[in-house]
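Student: 3D model of this:
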Amino acid sequence: MVALVLLIVGVTMELNRDRLIRRFTSRSTSSLPPGYSATRTGVNVYAALVLALGVTVAAPSISAWSRPAATVVLLLGVIAFTILGVVAVVGEFKAFQATRRALKR
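Tutor: Model prediction:
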């Protein structure tokens, strides 16, 4: 059930990317300016992260039908989540650096 919710949320984030940016991620949160998630690429990466987490969480449910398939799904989910996590951290770091440079001018 959790996996299904995560998959639905990830797809919904992707399908409503522009609205998500406009209404949520492009707004400042207290002292923090908008970051990587305020870009189309950032939203794509975060939506893919949610999808990868959903795939990873779905693996135990798949094991009831096929252990080899569940193993493959689990590995793919973990690998995707790890890679996308690194991409998100790098993107946030670059967005922070750009904001910091803009404030120094």
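Student: what is the neighbour count of the nearest residue to G54 once chain neighbours are set aside?
Tutor: The spatial neighbour of G54 that comes closest, neighbours along the chain excluded (Cβ to Cβ, 6 or more residues apart in numbering), is L6 at 3.2 Å. C-beta coordinates here come from the backbone N, C-alpha and C atoms, glycine included. Applying other Cβ atoms under 10 Å, we find 20 residues neighbouring L6.
Student: does L6 touch A48 like I think?
Tutor: No - with contact defined as Cβ atoms under 8 Å, L6 does not reach A48; the gap is 11.8 Å.
Student: and stretch 71-79, which residues are buried?
Tutor: Buried positions in stretch 71-79, judged by neighbour count with 16 or more other Cβ atoms under 10 Å: V73, L74, G77.
Student: now swap in stretch 74-93 and tell me
Tutor: L74, G77, A80, F81, L84, V87, A88, G91.
Student: report the mean confidence score over that stretch.
Tutor: Averaging pLDDT along stretch 74-93 yields 96.
Student: returning to that earlier point: pull the most distant pair out of the buried residues of stretch 74-93.
Tutor: L74 and G91 (25.7 Å; Cβ to Cβ).
Student: all the helices of the protein, in order from the start?
Tutor: Here the chain has its helices, by DSSP state H, at 2-15, 17-20, 40-62, 67-104.
Student: buried sites along the third one?
Tutor: By 16+ other Cβ under 10 Å, the buried positions in helix 40-62 come out as 42-43, 45-59, 62.
Student: what packs against it?
Tutor: helix 2-15, helix 17-20, helix 67-104 (3 or more Cβ pairs under 8 Å, 6 or more residues apart in numbering; DSSP states H and E).
Student: mind checking which of the ones you listed is nearest P34?
Tutor: Short answer: helix 67-104, nearest of those by Cβ to Cβ, at 8.1 Å.
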